[in-house]
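Asker: Predicted model and sequence follow; I will ask about them next.
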Amino acid sequence: MNKIKFMLRVGFCMVGASIVLSAIASDDLKSDEEARVVQSSGKQLYYDHGCFACHGYNGIGKHNLANDVSAIMTSEAVYLAFIRARSELNPPLPSQKMPHYPASSLSDQQALDIYAYIKTFRDTPPKVDDAPALKAIVEAAQQ
Amino acid sequence: MTSKESGIVSGKTPSEAGVELEAERGGISRRGFIGASVAGGASTVLPAVAFGVENSVTETSRPASTPPDAKKMAREVGSSSPPEPLATVRRAASDLMVQVLRDLEIEYVALNPGSSFEGLQESLINYGERPNHMPEVISAMHEGAAVDMAHGYGRSEGKPMCALLQGTVGLQNASMAIYQAYHGHTPMIILAGNDENNFLKVHTGEDIAGLVRPYTKWDAQPKTLEDTLVALQEAYRQSITPPCAPTLVVLNSEIQKEEAGDLQVPRYSAPVVRSIGKSQATIIAKALLQAKNPHISVGRLRSQAGIDHAVTLAELVGASVDSMATFGPMSFPQRHPLVGVGQDKNYDFHLGLEIAAADVSITGPHLKSITDRDAAGIGFGWKENPNLKRRPIPDTLIAEDAEASLPLIINAIESQLTASLNSVIVERIEKHSEKNRSARINSLHKAIEKKRPGWHGTPVSLARMYAELWPMIKDLDWCLASPSNFTGRHHRELWDHDKPYSYLGQYPAAALGYCLGASAGAALAARSRDRIVINIQGDGDFNFMPGTVWSAVHHQLPMLTIMHNNRAWHMELMYVQYMAGVRGRGTDRAHIGTTFRDPYINYAKLAEGYGMKSEGPISDPDEMVAALQRGVDAVKRGEPYLIDVLTQPR
Ligand SMILES: Cc1ncc(C[n+]2csc(CCOP(=O)(O)OP(=O)(O)O)c2C)c(N)n1
Ligand SMILES: [Mg+2]
């Protein structure tokens, strides 16, 4: 599918999804306890559905998610619309593209649990000077 | 019989030799000749030829699958007395076979033992003043591993070692590895014993080379000792003559046990590798010298000598250079000051050495030129696939060997170079070097920005694994033998690939199970050269032939294996996930058949069982750093070592 078509499709689904989602409570309305439950269920779902395959176990992988770097993770609505919109039929070759998740394979609640879990990913990489190996590599190259 | 009669013509190019061989076959003498099948039209006549008339019609018409009688079978399974005593020989025929390999400086013969070559094996371990040396017997747990070892060795050294296989069964076990080596343009000599006494008929065949003919360059099934010796030399010559590839000699089990009498080892003559002509060299030299901004792209050459010549050429004309050293073996040193875009990207003359280029590329000859052995119609990916867009072959291509052509170009340049031209070139080299250096540092900083994320993560980030290794090995002589396409290829930007064997490249036929064997083969080369081998090893790949761990211990190979243990055939997991997604059926079952769960595999324990020092599983990156240092220290002492690291999937 070309990019423009794809964006149109995402946009179309987003409109639909935001109507559905307006009824679902947003993150900040959840109690701490509720959030913890959601995250642990999200953690299990993130593993069971193999999200780690491309996004790593902590949101660093082929496609990074940690530290809120993904534009798709800006809101639950955008995220949900995105994962519902990825159907690609009759692929000519094997692909590592993101799978399509219709509601029959992942309910809204499950999807949002995963969303909540992804939102917890934080990555704090060291500065080059604080990582001896990286520092050594840079110094050797500068010699 | 003379070598002429055998159809093997010293000093000829493979295709020329093939033509003469074919002509010979048209003749009447079929007694005792070599049934050699070579590129150039032999395969159609081969079945009759390879078999030879002496074996008579009744013998050939017997079904090949006749079961062995009880006595023969009992011996093969090891529960019986030795074979009928053979006449004692004064000078064993197989000793001469070993002498030929020794004279060719074949360092190793990897084998999984088999009765079809017991004569040769006995000679390998007992013949000569220094028995079991040049070549040395290497124990392989699987014939595929034997060939993978030869593959890793051949890629790192640019010359063949042998894999010795048991008849039909050994050859079939080895076949995929041979297929991969063929795709990899890797020189190696396959020897397959064939038990012509039909001790075990199911291991015997009339033309067993036919099992792998589509993906070997040349084969022969000699019928006399003299022809066997000539065939071994020809197998060597064919395998190192471009296009380099595996060759095969089928060794008659009975000839190995014969009395050699006064037979002498025939004289070996090196191949004549085809190069460009002198006039072409003069034109290329002129173009390089007249250019204000020449550029040279270097692909995979054949040896250190070829690389040295490429360096000389680039320095003589002050060309900026593209290197393929981070993609595979035998290319231009990556950190040579001329490597990079140079002062200016607008090149007015672009020369390619074993790689396409805008103006002239000297590349070839390719395996594609072998057109008549592919009876299975495999096509080797060279047949047109309407789904795939292929780059058109540029009309600037000269299909001759670049390495053999370089001395001619260098000579022509030296005779055309004037002092004034030289001073311009010296100035240009300085500018290139400066530009390339700052570009290198900029790109390193950019690359590091991409390596830092996930640095402290658990399981371990692959970028960190490569980064942490580099300071530990950079001052050693090292070889990265493992394909890195599943581990992020982080070495490309972080490490310096300045030796012919710095990185041995990807899976040539994308065929799994190669990495451990190939690393062991590279470590066979490393062992006597004060070098260490790094093997960053996928778990899926590992489990095809884990027994190679034992071979590495047994032969004390300086090989550091670091498991990229993502507990999956991860590549395939992603494909199945995508397919489930396309069909809208969810990805929660995609782990079925794609992962190593229930139970997890403990690689450190497995290695320990084979006798290898090991540690893990490690999922904490800081713990990994300490373990890596212990591993590097061990291989420096010549001891193989395995570290099981739980890694991020990619
Ligand atoms: C001989 C062979 N069998 C199967 C495949 C299909 N295949 C491609 S990648 C892969 C999995 C590789 O697993 P591993 O080495 O652990 O690497 P990972 O993808 O997990 O990093 C398989 C089985 C192949 N390429 N070759
Ligand atoms: Mg794996």
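Answerer: Here it is on my side, so go on. Ligands and ions are numbered 1, 2, ... in the order given.
Asker: Could you use CA atoms for every contact and neighbour count after this?
Answerer: Will do.
Asker: I'd like to know how many residues surround the closest residue to A:Ser95 other than its chain neighbours.
Answerer: Computed as Cα to Cα, 6 or more residues apart in numbering or on different chains, the closest residue to A:Ser95 that is not its neighbour in sequence is B:Tyr575, at 5.7 Å. By other Cα atoms under 10 Å in any protein chain shown, 20 other residues sit near B:Tyr575.
Asker: residue contacts, B:Tyr575?
Answerer: A:94-96 (Cα atoms under 8 Å, 6 or more residues apart in numbering or on different chains).
Asker: secondary structure element for it?
Answerer: helix B:570-582 (DSSP states H and E).
Asker: ok now that helix, how far from the chain's centre?
Answerer: Centroid separation between helix B:570-582 and its chain, computed with Cα atoms, centre = their mean, to the nearest Å, is 31 Å.
Asker: What of stretch A:71-84?
Answerer: That offset, for stretch A:71-84, works out to 8 Å (Cα atoms, centre = their mean).
Asker: Stretch B:301-317 too?
Answerer: Relative to the chain's own centre, stretch B:301-317 is displaced by 22 Å; criterion: Cα atoms, centre = their mean.
Asker: what pLDDT, on average, does the helix or strand where B:Pro407 lies get?
Answerer: In the assignment (DSSP H and E), B:Pro407 maps to helix B:402-416. Across helix B:402-416, the average pLDDT comes to 98.
Asker: which other residues reach that helix?
Answerer: Here helix B:402-416 makes contact (Cα under 8 Å, 6+ apart) with B:273-276, B:278, B:281-282, B:284-286, B:289, B:301-302, B:306-307, B:309-310, B:312-313, B:316, B:353-354, B:362-364.
Asker: One more pass at 6 Å, please.
Answerer: With Cα atoms under 6 Å, 6 or more residues apart in numbering or on different chains as the test, helix B:402-416 has contacts from B:275-276, B:281-282, B:285, B:306, B:353, B:362.
Asker: tell me the SS of the residue in chain A that ligand 1 sits nearest to?
Answerer: Here the residue of chain A nearest ligand 1 is A:Ala53; by Cα to the nearest ligand atom that distance is 9.9 Å. In terms of secondary structure, A:Ala53 is helix; the call rests on DSSP: H, G, I helix; E, B strand; the rest coil.
Asker: ok so, going back, which one among the contacts of helix B:402-416 gets closest to chain A?
Answerer: Taking Cα to the nearest Cα as the measure, chain A sits nearest to B:Gly306 out of the contacts of helix B:402-416, at 26.5 Å.
Asker: Are we agreed that that closest one is in a helix?
Answerer: Yes - the assignment for B:Gly306 (three-state DSSP) places it in a helix.
Asker: separation between the residue lying closest to it once chain neighbours are set aside and B:Gln264?
Answerer: Leaving aside its chain neighbours, B:Gly306 sits nearest to B:Glu403 (5.0 Å; criterion: Cα to Cα, 6+ apart). From B:Glu403 across to B:Gln264, the span is 34 Å (Cα to Cα, to the nearest Å).
Asker: between these two, who's got more neighbours?
Answerer: B:Glu403 (27 against 10).
Asker: what about that one, distance to B:Leu104?
Answerer: B:Glu403 is 21 Å from B:Leu104, by Cα to Cα.
Asker: and if you look at A:Leu93?
Answerer: For A:Leu93 relative to B:Leu104 (Cα to Cα), the value is 46 Å.
Asker: Which of these two has more residues huddled nearby?
Answerer: Neighbour count, other Cα under 10 Å: between A:Leu93 and B:Leu104, B:Leu104 has more, with 18 against 8.
Asker: quick one: low-confidence ranges for chain B?
Answerer: B:1-87, B:381-394 (pLDDT under 70).
Asker: what comes up buried for the top helix by length along it?
Answerer: The residue-count maximum for a helix in chain B (DSSP state H) belongs to helix B:419-451. Buried positions in helix B:419-451, judged by neighbour count with 16 or more other Cα atoms under 10 Å in any protein chain shown: B:425, B:428-437, B:440, B:444-445, B:448, B:451.
Asker: number of nearby residues for B:Arg91?
Answerer: Neighbours of B:Arg91 under the rule other Cα under 10 Å: 15.
Asker: no, scratch that, I was asking about B:Ile410
Answerer: B:Ile410 has 22 neighbouring residues, counting by other Cα under 10 Å.
Asker: Kindly report the same for B:Phe349.
Answerer: Residues within reach of B:Phe349, counting by other Cα under 10 Å, total 21.
Asker: Is it bridged to anything, and to what?
Answerer: B:Pro294 (DSSP bridges).
Asker: ok so, going back, residues contacting the residue of chain A closest to ligand 1?
Answerer: If a contact means Cα under 6 Å, 6+ apart, then A:Ala53 has no contacts.
Asker: try the one 3 residues further on
Answerer: For A:Gly56, the residues meeting the contact criterion (Cα under 6 Å, 6+ apart) are B:Gln648.
Asker: measure it to B:Ser320 for me?
Answerer: 39 Å.
Asker: for A:Tyr46, same thing?
Answerer: With Cα to Cα as the criterion, A:Tyr46 and B:Ser320 are 48 Å apart.
Asker: and these two? which has more neighbours close in?
Answerer: Ranked by neighbour count (other Cα under 10 Å), A:Tyr46 and B:Ser320 place B:Ser320 first, with 30 against 24.
Asker: thought the more buried one was touching B:His295?
Answerer: Yes - if you go by Cα atoms under 6 Å, B:Ser320 and B:His295 touch, sitting 5.0 Å apart.
Asker: What parts of the stretch 451-600 of chain B come near ligand 2?
Answerer: Counting by Cα under 5 Å from the ion, the residues of the stretch 451-600 of chain B close to ligand 2 are B:538-540, B:566, B:568-569.
Asker: how about 6 Å then?
Answerer: Within the stretch 451-600 of chain B, the residues that sit near ligand 2 (Cα under 6 Å from the ion) are B:538-540, B:565-570.
Asker: Show me where the stretch 551-650 of chain B has its strands.
Answerer: Along the stretch 551-650 of chain B, counting by DSSP state E, counting those that start in this stretch, strands occupy B:559-565, B:613-618, B:641-646.
Asker: partner strands of the last one, parallel or antiparallel?
Answerer: When pairs are called by DSSP bridges, strand B:641-646 turns out to pair with strand B:559-565 (parallel), strand B:613-618 (parallel).
Asker: Is it possible to get TSV of the ones you listed that adds mean neighbour count?
Answerer: Formatted as TSV, the strands paired with strand B:641-646 follow (neighbours: other Cα atoms under 10 Å in any protein chain shown):
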stretch	mean neighbour count
strand B:559-565	29
strand B:613-618	20
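Asker: Sounds good, over and out.
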